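[1] Starting from these lines, generate the structure:
(one chain, ligands or ions: 1)
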Amino acid sequence: MLIVFIGPPGAGKGTQAQRLASHLNVPHLSTGEMLRDAEESGTELGRKAAAFMKNGQLAPDELVVKIIGQRIEQPDCARGCLFDGFPRTINQAEELDRQLSLDQRALDLVLELHVEEDELVRRLLRRAKHADKPRADDTPEAIPKRLEVYRSLTQPVLEYYRARGLLREINGQGTPEQVFARIRDAVETRQSS
Ligand code: ADP
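    Predicted structure coming up:
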(Lines give C-alpha, C1' and ligand atoms only; values in the text may rest on other atoms or scores of the structure.)
Protein backbone atom coordinates (compact mmCIF):
# COMPACT_ATOMS: atom_id res chain seq x y z
CA MET A 1 0.00 0.00 0.00
CA LEU A 2 1.17 3.51 -0.81
CA ILE A 3 -0.16 5.95 1.74
CA VAL A 4 0.38 9.67 2.24
CA PHE A 5 -0.01 11.10 5.73
CA ILE A 6 -0.64 14.85 5.94
CA GLY A 7 -1.15 17.02 8.98
CA PRO A 8 -0.25 20.45 10.37
CA PRO A 9 2.62 20.93 12.83
CA GLY A 10 1.47 19.84 16.28
CA ALA A 11 -1.17 17.37 15.06
CA GLY A 12 0.80 14.34 16.28
CA LYS A 13 1.50 13.14 12.76
CA GLY A 14 5.01 11.80 13.44
CA THR A 15 3.89 9.46 16.23
CA GLN A 16 0.83 8.20 14.38
CA ALA A 17 2.70 7.70 11.11
CA GLN A 18 5.31 5.61 12.88
CA ARG A 19 2.62 3.44 14.46
CA LEU A 20 0.80 2.99 11.18
CA ALA A 21 3.99 2.07 9.30
CA SER A 22 4.83 -0.64 11.82
CA HIS A 23 1.20 -1.86 11.83
CA LEU A 24 1.32 -2.22 8.02
CA ASN A 25 4.93 -3.38 8.06
CA VAL A 26 6.05 -0.87 5.43
CA PRO A 27 8.89 1.70 5.58
CA HIS A 28 8.10 5.06 7.20
CA LEU A 29 9.45 7.83 4.95
CA SER A 30 9.58 11.11 6.87
CA THR A 31 11.07 13.93 4.81
CA GLY A 32 11.56 16.00 7.99
CA GLU A 33 13.68 13.20 9.44
CA MET A 34 15.58 12.67 6.20
CA LEU A 35 16.44 16.36 6.02
CA ARG A 36 17.54 16.49 9.65
CA ASP A 37 19.73 13.39 9.10
CA ALA A 38 21.26 15.05 6.04
CA GLU A 39 21.92 18.16 8.12
CA GLU A 40 23.58 16.14 10.90
CA SER A 41 25.81 14.29 8.46
CA GLY A 42 26.88 17.66 7.08
CA THR A 43 26.06 16.92 3.44
CA GLU A 44 25.57 19.79 1.00
CA LEU A 45 21.91 18.89 0.68
CA GLY A 46 21.58 18.99 4.47
CA ARG A 47 23.22 22.40 4.70
CA LYS A 48 20.91 23.79 2.02
CA ALA A 49 17.79 22.43 3.72
CA ALA A 50 18.79 23.62 7.21
CA ALA A 51 18.70 27.26 6.18
CA PHE A 52 15.00 26.93 5.33
CA MET A 53 14.00 24.61 8.15
CA LYS A 54 15.24 26.77 10.98
CA ASN A 55 12.83 29.61 10.29
CA GLY A 56 9.81 27.47 9.55
CA GLN A 57 10.02 27.64 5.75
CA LEU A 58 9.84 24.65 3.43
CA ALA A 59 12.95 23.25 1.81
CA PRO A 60 12.97 23.67 -2.00
CA ASP A 61 10.76 21.20 -3.88
CA GLU A 62 13.48 19.84 -6.16
CA LEU A 63 15.66 18.97 -3.17
CA VAL A 64 12.89 17.10 -1.34
CA VAL A 65 11.63 15.39 -4.51
CA LYS A 66 15.16 14.17 -5.19
CA ILE A 67 15.65 12.49 -1.80
CA ILE A 68 12.19 10.91 -1.90
CA GLY A 69 12.69 9.78 -5.51
CA GLN A 70 15.88 7.95 -4.57
CA ARG A 71 14.31 6.44 -1.47
CA ILE A 72 11.25 4.92 -3.17
CA GLU A 73 13.47 3.09 -5.63
CA GLN A 74 14.96 1.06 -2.76
CA PRO A 75 13.82 -2.59 -2.65
CA ASP A 76 12.17 -2.26 0.77
CA CYS A 77 9.59 0.09 -0.76
CA ALA A 78 8.45 -2.48 -3.35
CA ARG A 79 5.52 -3.60 -1.14
CA GLY A 80 4.58 -0.02 -0.33
CA CYS A 81 5.51 2.74 2.05
CA LEU A 82 4.11 5.52 4.17
CA PHE A 83 4.96 9.11 3.22
CA ASP A 84 5.04 11.39 6.25
CA GLY A 85 5.40 15.14 5.69
CA PHE A 86 5.51 14.70 1.93
CA PRO A 87 4.11 16.02 -0.38
CA ARG A 88 3.74 19.47 1.17
CA THR A 89 3.14 21.46 -2.02
CA ILE A 90 1.08 20.88 -5.19
CA ASN A 91 4.30 20.70 -7.16
CA GLN A 92 5.60 17.91 -4.90
CA ALA A 93 2.28 16.05 -5.23
CA GLU A 94 2.47 16.21 -9.03
CA GLU A 95 6.08 15.06 -9.00
CA LEU A 96 5.22 12.13 -6.75
CA ASP A 97 2.41 11.03 -9.09
CA ARG A 98 4.75 11.31 -12.03
CA GLN A 99 7.52 9.29 -10.40
CA LEU A 100 5.13 6.56 -9.26
CA SER A 101 3.50 6.32 -12.68
CA LEU A 102 6.90 5.62 -14.26
CA ASP A 103 6.77 2.33 -12.30
CA GLN A 104 3.04 1.83 -13.02
CA ARG A 105 2.24 2.61 -9.43
CA ALA A 106 -0.22 5.02 -7.79
CA LEU A 107 -1.20 6.15 -4.30
CA ASP A 108 -3.89 4.11 -2.54
CA LEU A 109 -4.90 6.49 0.21
CA VAL A 110 -4.23 9.95 1.67
CA LEU A 111 -4.89 10.53 5.36
CA GLU A 112 -5.34 14.02 6.74
CA LEU A 113 -4.84 14.29 10.48
CA HIS A 114 -7.11 17.18 11.36
CA VAL A 115 -6.78 19.37 14.49
CA GLU A 116 -8.28 22.85 14.97
CA GLU A 117 -5.77 25.68 14.77
CA ASP A 118 -6.16 27.07 18.31
CA GLU A 119 -5.49 23.58 19.69
CA LEU A 120 -2.39 23.30 17.46
CA VAL A 121 -1.03 26.58 18.79
CA ARG A 122 -1.57 25.39 22.38
CA ARG A 123 0.23 22.10 21.70
CA LEU A 124 3.14 23.75 19.89
CA LEU A 125 3.67 26.34 22.62
CA ARG A 126 3.66 23.59 25.24
CA ARG A 127 6.19 21.60 23.18
CA ALA A 128 8.45 24.65 22.71
CA LYS A 129 8.38 25.34 26.45
CA HIS A 130 8.99 21.81 27.70
CA ALA A 131 11.34 20.37 25.11
CA ASP A 132 14.74 19.44 26.67
CA LYS A 133 16.41 19.96 23.34
CA PRO A 134 14.11 22.16 21.25
CA ARG A 135 14.53 21.85 17.52
CA ALA A 136 15.31 25.02 15.66
CA ASP A 137 11.81 25.04 14.12
CA ASP A 138 10.09 24.39 17.47
CA THR A 139 10.52 27.90 18.88
CA PRO A 140 7.49 30.09 19.73
CA GLU A 141 8.62 32.54 17.02
CA ALA A 142 8.52 29.88 14.27
CA ILE A 143 4.98 28.67 15.13
CA PRO A 144 2.87 31.25 13.25
CA LYS A 145 5.15 30.92 10.23
CA ARG A 146 4.85 27.12 10.14
CA LEU A 147 1.06 27.30 10.43
CA GLU A 148 0.89 29.91 7.70
CA VAL A 149 3.06 27.74 5.42
CA TYR A 150 0.71 24.82 6.08
CA ARG A 151 -2.37 26.89 5.32
CA SER A 152 -1.10 28.43 2.12
CA LEU A 153 1.00 25.63 0.58
CA THR A 154 -0.12 22.32 2.07
CA GLN A 155 -3.89 22.75 2.36
CA PRO A 156 -4.20 22.98 -1.45
CA VAL A 157 -2.57 19.53 -1.58
CA LEU A 158 -5.57 18.19 0.36
CA GLU A 159 -7.88 19.55 -2.35
CA TYR A 160 -5.69 17.95 -5.02
CA TYR A 161 -6.22 14.53 -3.41
CA ARG A 162 -9.86 15.14 -2.52
CA ALA A 163 -10.57 15.73 -6.22
CA ARG A 164 -9.00 12.33 -6.96
CA GLY A 165 -11.13 10.55 -4.35
CA LEU A 166 -8.10 9.58 -2.26
CA LEU A 167 -8.56 11.75 0.82
CA ARG A 168 -9.82 10.56 4.22
CA GLU A 169 -10.00 13.04 7.09
CA ILE A 170 -9.05 11.73 10.53
CA ASN A 171 -10.07 13.55 13.71
CA GLY A 172 -6.80 14.17 15.56
CA GLN A 173 -8.34 15.15 18.93
CA GLY A 174 -8.35 12.59 21.73
CA THR A 175 -5.81 10.18 23.15
CA PRO A 176 -3.12 8.76 20.84
CA GLU A 177 -4.90 5.37 21.09
CA GLN A 178 -8.26 6.83 20.03
CA VAL A 179 -6.65 8.60 17.10
CA PHE A 180 -4.79 5.48 16.01
CA ALA A 181 -8.00 3.43 16.10
CA ARG A 182 -9.58 5.91 13.66
CA ILE A 183 -6.57 5.66 11.36
CA ARG A 184 -6.65 1.86 11.41
CA ASP A 185 -10.36 1.91 10.55
CA ALA A 186 -9.78 4.22 7.59
CA VAL A 187 -7.01 1.98 6.24
CA GLU A 188 -9.01 -1.22 6.74
CA THR A 189 -12.08 0.23 5.01
CA ARG A 190 -9.87 1.14 2.09
CA GLN A 191 -8.21 -2.29 1.95
CA SER A 192 -11.51 -4.11 1.84
CA SER A 193 -13.15 -1.85 -0.76
P1 ADP B 1 6.70 18.28 11.78
O2 ADP B 1 7.22 18.73 13.09
O3 ADP B 1 5.59 19.10 11.22
O4 ADP B 1 6.43 16.81 11.72
P5 ADP B 1 8.71 17.70 9.85
O6 ADP B 1 9.65 16.93 10.69
O7 ADP B 1 7.83 16.94 8.91
O8 ADP B 1 7.85 18.62 10.77
O9 ADP B 1 9.51 18.79 8.99
C10 ADP B 1 10.38 19.73 9.59
C11 ADP B 1 10.83 20.74 8.55
O12 ADP B 1 11.51 20.08 7.47
C13 ADP B 1 9.72 21.52 7.85
O14 ADP B 1 9.29 22.62 8.60
C15 ADP B 1 10.40 21.92 6.53
O16 ADP B 1 11.26 23.00 6.67
C17 ADP B 1 11.23 20.68 6.21
N18 ADP B 1 10.46 19.74 5.36
C19 ADP B 1 10.01 18.49 5.73
N20 ADP B 1 9.32 17.91 4.73
C21 ADP B 1 9.33 18.79 3.69
C22 ADP B 1 8.77 18.79 2.39
N23 ADP B 1 8.05 17.76 1.93
N24 ADP B 1 8.99 19.88 1.61
C25 ADP B 1 9.72 20.91 2.04
N26 ADP B 1 10.25 20.99 3.27
C27 ADP B 1 10.07 19.95 4.10
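[2] Within the helices and strands, which one has the one residue in the chain that gets nearest to the ligand?
    Of all residues in the chain, the one sitting closest to the ligand is Gly32 (1.9 Å; CB to the nearest ligand atom). The C-beta positions use only the backbone N, C-alpha and C, and glycine is treated the same way. Assigned by DSSP states H and E, Gly32 belongs to helix 31-40.
[3] which helices and strands sit right next to that helix?
    helix 44-53, helix 61-72, strand 81-84 (3 or more CB pairs under 8 Å, 6 or more residues apart in numbering; DSSP states H and E).
[4] what mean pLDDT does that helix have?
    Averaging pLDDT along helix 31-40 yields 94.
[5] contacting residues around it?
    Contacts to helix 31-40, defined as CB atoms under 8 Å, 6 or more residues apart in numbering, come from residues 14, 45-47, 49-50, 53, 59, 64, 67-68, 71, 83-86, 88, 135.
[6] Then stretch 123-142?
    By CB under 8 Å, 6+ apart, stretch 123-142 touches 9-10, 36, 50, 53-56, 115, 143, 146.
[7] The ligand contacts on the chain?
    Neighbours of the ligand within the chain, by CB under 6 Å from any ligand atom: 9, 13-14, 31-32, 35, 52-53, 56-59, 64, 85-86, 88, 92, 137, 146.
[8] and with 5 Å instead?
    9, 14, 31-32, 35, 53, 58-59, 64, 85-86, 88 (CB under 5 Å from any ligand atom).
[9] Now a PyMOL select for only the buried ones of the contacts of stretch 123-142.
    Here is the PyMOL selection string for the buried members of those, based on 16 or more other CB atoms under 10 Å:
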select buried, resi 9+10+36+50+53+56+115+143+146
